[in-house]
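# what's the 3D shape of this:
(2 chains)
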Amino acid sequence: MASYAECLSVLPAFRNDLMQRQQLEPLGGRTPFVARGAFAAFASPLSNVHATGVGIRQRGGRYFPDEYVLKVFVFDKVEPEALGEEPMREYQGIPVDVEQLPVQLVRARARRSQTVVAAGAPLAPLAPAATLPGQRARHRPITAGLSISPLDAQFVGTLGCFLRRRRADEEDTFALSNNHVLADINQLPRGTQIVQPGPEQPPFTTPVSDVFAALSGFIELRFPTNPDAPAVNRFDAAIARVTDLRLIKPGTMYGGVLYRPDRVVPPVPGMRVVKAGRTTGVTHGVVTATEVDGVQVNYGSRQFPRIATFDGTVEVVSVASARPFSLPGDSGSVILEEATGHPLALLFAGDGVHTTACDLGPLCRRLRAWPI
Amino acid sequence: MAEPASLRPPSPGPAPSRLRHIKSAVRRHPSVARVGLTTTEDGRWALKVWLRRGARPPLAAGAAGAEQEPGAGGVEAEIEAMTGGYPVVYDEEPASPPVARPAYPGRGE
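Numbers count the residues shown, from 1 in each chain, chains lettered A, B, ... in the order given. The predicted structure is shown next:
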């Protein structure tokens, strides 16, 4: 029998896996509130699931206070026989209990026309300039780990990866990076065009022909307005909707890095990691701390600091003492577990030795979009 | 000194939820700038505590990054009284905070 603490400890990974699997459900004219897959939390379509947590076992209409379980709440419950699949009863040794928690039916929005991703490049790739590192050059198709910026900006960051969001029978694809890259610290409006590459070469301009996405949203960065009202952040993140799927190539990280986006893993101290970024390229590091609270990050300059506080961050240091894991311009890189290629964190700050990143699992849950 | 981070063993499993509760309490200590979770050289879960600059006496400050011996005095003793036996890895708050900014190619970056 699992303890409450044991259930809590596996809950983040359970949520990551569950929500990521929801994204893999086939589209096809169903609403998210149609009853299906209720007992088979993992084994069949999951759109029926709307909440997860830790709770106590419910069996035959009775609750058992000593039996802690992972809870999956569904709109409607279906008998296992109707699914024709073996229901999932436990996760990492912790029992899973499915409970009905119905809500009113909601009409699904009209299906949006979808564009199929083409593997081929619609535009001829341009050769990188001789002196320019490859990740700063123009690439078609566009992959994760490359230079990006808003149109007409003077600065550059990194395209972390592509995300997919499925709701009802809609599907959207986004480029993920930081708020301070795609939205210039809360300043740019939705719809701002995003280009690949950023303004990397003289005259440091960005042609409209390099647009591949439009800013869709960002998680607002909060700065303290007075000492008695501390503002705490968890994420420096923004997403831009890809406007032409033929321009991109999901599932690939620049620099030949092993990238397997089918699973987002929680960061663990001691984990060896790798990232591909615009400034330092492919670098290797190790997670030294997780769930770090109280990190003060400067969004201004040394002379005019603008400090934001973050909780729940991940700290990474380079494994090569002479080479930093990240530098300015690597902002927005997605950090991967070296052994598996699974993504785990979104890089957003550093001091030349230590790199600070957001935990990717909670971020994806908040965005309701998952790496592809 | 602490072993280089790259040589640390993998963690022994999910972090205990009790350690997270302790972390929340330690964060409220006035000498603590940041607090997170880490593992010791032998793979045990531990708290990582960044002390505010000047919170330690100068002699103790030389041991930044090391796992503190039990029974150490001052700030460490106060913190360890809260940690219920979990190891604590100390570090000092950086002189300047990490910076979040893009690169400016026009400035040669």
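# where exactly do the helices run in the chain?
No chain in the question, so chain A it is. Taking DSSP state H as the test, the helices found in chain A are A:4-23, A:80-83, A:179-182, A:360-367.
# Actually, chain B is the one I wanted.
In chain B, the helices defined using DSSP H lie at B:17-27, B:58-61, B:74-80.
# For chain A, find the nearest of those helices.
With Cβ to the nearest Cβ as the measure, helix B:17-27 is the member of those nearest chain A (4.3 Å). No exception for glycine: its C-beta is placed from N, CA and C like everyone else's.
# Residues contacting stretch A:3-10, please?
If you take Cβ atoms under 8 Å, 6 or more residues apart in numbering or on different chains as the criterion, stretch A:3-10 is touched by A:54, A:68-70, A:91-92, A:94, B:13-18.
# In TSV, list the residues you listed along with distance to A:Tyr259.
Below are the contacts of stretch A:3-10 laid out as TSV (distance: Cβ to Cβ, whole Å):
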residue	distance to A:Tyr259
A:Val54	32
A:Tyr68	36
A:Val69	34
A:Leu70	29
A:Tyr91	25
A:Gln92	24
A:Ile94	29
B:Gly13	26
B:Pro14	25
B:Ala15	26
B:Pro16	31
B:Ser17	31
B:Arg18	35
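# Dump those residues to JSON lines, plus distance to A:Pro12, neighbour count and pLDDT.
Output for these, formatted as JSON lines (distance: Cβ to Cβ, whole Å; neighbours: other Cβ atoms under 10 Å in any protein chain shown; pLDDT from 0 to 100):
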{"residue": "A:Val54", "distance to A:Pro12": "11", "neighbour count": "20", "pLDDT": "78"}
{"residue": "A:Tyr68", "distance to A:Pro12": "16", "neighbour count": "22", "pLDDT": "81"}
{"residue": "A:Val69", "distance to A:Pro12": "16", "neighbour count": "24", "pLDDT": "84"}
{"residue": "A:Leu70", "distance to A:Pro12": "11", "neighbour count": "25", "pLDDT": "85"}
{"residue": "A:Tyr91", "distance to A:Pro12": "12", "neighbour count": "20", "pLDDT": "87"}
{"residue": "A:Gln92", "distance to A:Pro12": "11", "neighbour count": "14", "pLDDT": "86"}
{"residue": "A:Ile94", "distance to A:Pro12": "12", "neighbour count": "19", "pLDDT": "88"}
{"residue": "B:Gly13", "distance to A:Pro12": "13", "neighbour count": "13", "pLDDT": "78"}
{"residue": "B:Pro14", "distance to A:Pro12": "9", "neighbour count": "18", "pLDDT": "84"}
{"residue": "B:Ala15", "distance to A:Pro12": "10", "neighbour count": "23", "pLDDT": "88"}
{"residue": "B:Pro16", "distance to A:Pro12": "14", "neighbour count": "17", "pLDDT": "91"}
{"residue": "B:Ser17", "distance to A:Pro12": "11", "neighbour count": "17", "pLDDT": "90"}
{"residue": "B:Arg18", "distance to A:Pro12": "16", "neighbour count": "13", "pLDDT": "94"}
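# Would you tell me which residues of the stretch 101-250 of chain A are close to chain B?
Counting by Cβ under 8 Å from any Cβ of the partner chain, the residues of the stretch 101-250 of chain A close to chain B are A:136, A:149, A:154-157, A:178, A:180-181, A:198-201, A:204, A:236.
# Can you check these and name whichever has the most neighbours?
Within those, most neighbours by other Cβ atoms under 10 Å in any protein chain shown means A:Val181, with 34 neighbours.
# surely that one meets A:Gly157?
Yes - counting by Cβ atoms under 8 Å, A:Gly157 is a contact partner of A:Val181 at 3.0 Å.
# joint contacts of these two?
A:148-149, A:331-332, B:102.
# ok, which pair from the residues of the stretch 101-250 of chain A next to chain B is furthest apart?
Pairwise distances across those (Cβ to Cβ) peak at 27.0 Å, for the pair A:Gln201 and A:Asp236.
# Could you check the pLDDT of A:Asp262?
Confidence at A:Asp262, expressed as pLDDT, is 97.
# which of the helices of chain A sits most buried?
Highest mean neighbour count of the helices of chain A: helix A:179-182, a mean of 30 (counted as mean count of other Cβ atoms under 10 Å in any protein chain shown).
# Please compute how far it lies from its chain's middle.
Chain-centre distance of helix A:179-182: 15 Å, with Cα atoms, centre = their mean, to the nearest Å.
# quick revisit: ok, which pair from the contacts of stretch A:3-10 is furthest apart?
Going by Cβ to Cβ, the pair spanning those furthest: A:Tyr91 and B:Arg18, at 21.2 Å.
# now, among the contacts of stretch A:3-10, which is nearest to B:Ala81?
After measuring the contacts of stretch A:3-10 against B:Ala81 - Cβ to Cβ - the closest member comes out as B:Arg18, at 15.6 Å.
# From what I see, the closest one and B:Gly84 are in contact.
Yes - using Cβ under 8 Å, B:Arg18 makes contact with B:Gly84 at a distance of 7.2 Å.
# Please name the residues that touch A:Gln154.
A:199, A:204, B:104, B:106.
# how many other residues sit next to A:Ala238?
Neighbour tally, A:Ala238, other Cβ under 10 Å: 30.
# In contact with it, which residues are there?
Neighbours of A:Ala238 in contact, by Cβ under 8 Å, 6+ apart: A:176-179, A:181-183, A:215, A:217-219.
# who touches A:Pro362 in this structure?
Counting by Cβ under 8 Å, 6+ apart, A:Pro362 has contacts A:12, A:234-235, A:312.
# Low-confidence bits of chain B, can you list those?
Within chain B, the stretches with pLDDT under 70 are B:1-12, B:57-73.
# Which residues of it lie near chain A?
B:5-6, B:8-11, B:13-18, B:20, B:23-24, B:27, B:32-39, B:43, B:48, B:50, B:94, B:96-106, B:109.
# got the contact list for the residue nearest to A:Ile307 when sequence neighbours are not counted?
Nearest non-adjacent residue to A:Ile307, counting by Cβ to Cβ, 6 or more residues apart in numbering or on different chains: A:Gln296, 5.2 Å away. Applying Cβ under 8 Å, 6+ apart to A:Gln296 gives the contacts A:307-310, B:33, B:97.
# And the residues you listed, which is closest to B:Val88?
Using Cβ to Cβ, those come closest to B:Val88 at B:Ala33, 14.2 Å.
# For the closest one, the count of nearby residues, please.
Neighbours of B:Ala33 (other Cβ under 10 Å): 20.
# which residue sits closest to it in space, ignoring its chain neighbours?
Nearest non-adjacent residue to B:Ala33, counting by Cβ to Cβ, 6+ apart: B:Glu93, 3.9 Å away.
# Please read off the pLDDT at A:Ala35 from the model.
34.
# got a list of what the residue in the stretch 101-250 of chain A that chain B sits nearest to touches?
Here the residue of the stretch 101-250 of chain A nearest chain B is A:Phe155; by Cβ to the nearest Cβ that distance is 3.8 Å. Residues in contact with A:Phe155 (Cβ under 8 Å, 6+ apart) are A:149, A:181, A:184, A:198-199, B:101-105.
# which one of the residues you listed sits closest to A:Gly251?
Once Cβ to Cβ is applied, the member of the contacts of A:Phe155 that ends up nearest A:Gly251 is A:Val181, at 21.7 Å.
# where's the closest one relative to A:Ser318, distance?
21 Å (Cβ to Cβ, to the nearest Å).
# need the strands for the stretch 201-350 of chain A, in chain order.
Ranges of strands within the stretch 201-350 of chain A are A:211-218, A:232-233, A:238-242, A:248-253, A:272-277, A:281-293, A:295-298, A:307-310, A:313-318, A:334-337, A:343-350, based on DSSP state E, counting those that start in this stretch.
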